[in-house]
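Visitor: A structural model of the following input is requested.
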Amino acid sequence: MAARQGDLDEAVNYGEWALKGDRQSLPSLLMVSREPAATINRGYATETAGREYLDHLTALTRAS
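Guide: All right, here's what the predicted structure looks like:
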């Protein structure tokens, strides 16, 4: 929601918070991260915070 409203920093903070939680089910996290990742990719892929978040998701996808 934050990314759609133009708040990249808040979107990335929420996304990273979710990925660092104690109780992680990586397949579920990656599944629910698709929509925010698509929004960030469309509007913020060239910004540092957006690129770093997308790179983090890519690394997690490769690791799973």
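Visitor: what's around the residue nearest to residue 1 when sequence neighbours are not counted, how many residues?
Guide: Closest residue to residue 1 apart from its sequence neighbours, by Cβ to Cβ, 6 or more residues apart in numbering: residue 11 at 8.0 Å. (C-beta placed from N, C-alpha, C; glycine too.) Using other Cβ atoms under 10 Å, residue 11 has 24 other residues around it.
Visitor: Residue 11 and residue 43, how far apart?
Guide: Look at residue 11 and residue 43: by Cβ to Cβ, to the nearest Å, they are 10 Å apart.
Visitor: Find the residues that touch each one of the two.
Guide: The contact sets of residue 11 and residue 43 overlap at residue 3 (Cβ atoms under 8 Å, 6 or more residues apart in numbering).
Visitor: Low-confidence ranges, the chain, go.
Guide: Scanning the chain for pLDDT under 70 picks out 21-24.
Visitor: Now do the contacts for the residue nearest to residue 1.
Guide: Neighbour list for residue 11: 1, 2, 3, 36, 39, 40, 53 [criterion: Cβ under 8 Å, 6+ apart].
Visitor: which among the residues you listed end up buried?
Guide: 2, 3, 36, 39, 40, 53 (16 or more other Cβ atoms under 10 Å).
Visitor: Between which two of these is the distance greatest?
Guide: Farthest-apart pair in the buried ones among the contacts of residue 11 is 2 and 53; separation 11.8 Å (Cβ to Cβ).
Visitor: And the contacts of the host helix or strand of residue 38?
Guide: Secondary structure assignment for residue 38, by DSSP states H and E: helix 26-44. With Cβ under 8 Å, 6+ apart as the test, helix 26-44 has contacts from 3-4, 8, 11-12, 14-15, 18-19, 50, 53-54, 57, 60-61, 63-64.
Visitor: Could you measure from the residue nearest to residue 4 when sequence neighbours are not counted over to residue 1?
Guide: Distances taken as Cβ to Cβ, 6+ apart place residue 39 nearest to residue 4, at 5.7 Å, with adjacent residues excluded. Here the criterion is Cβ to Cβ. By it, residue 39 lies 9 Å from residue 1.
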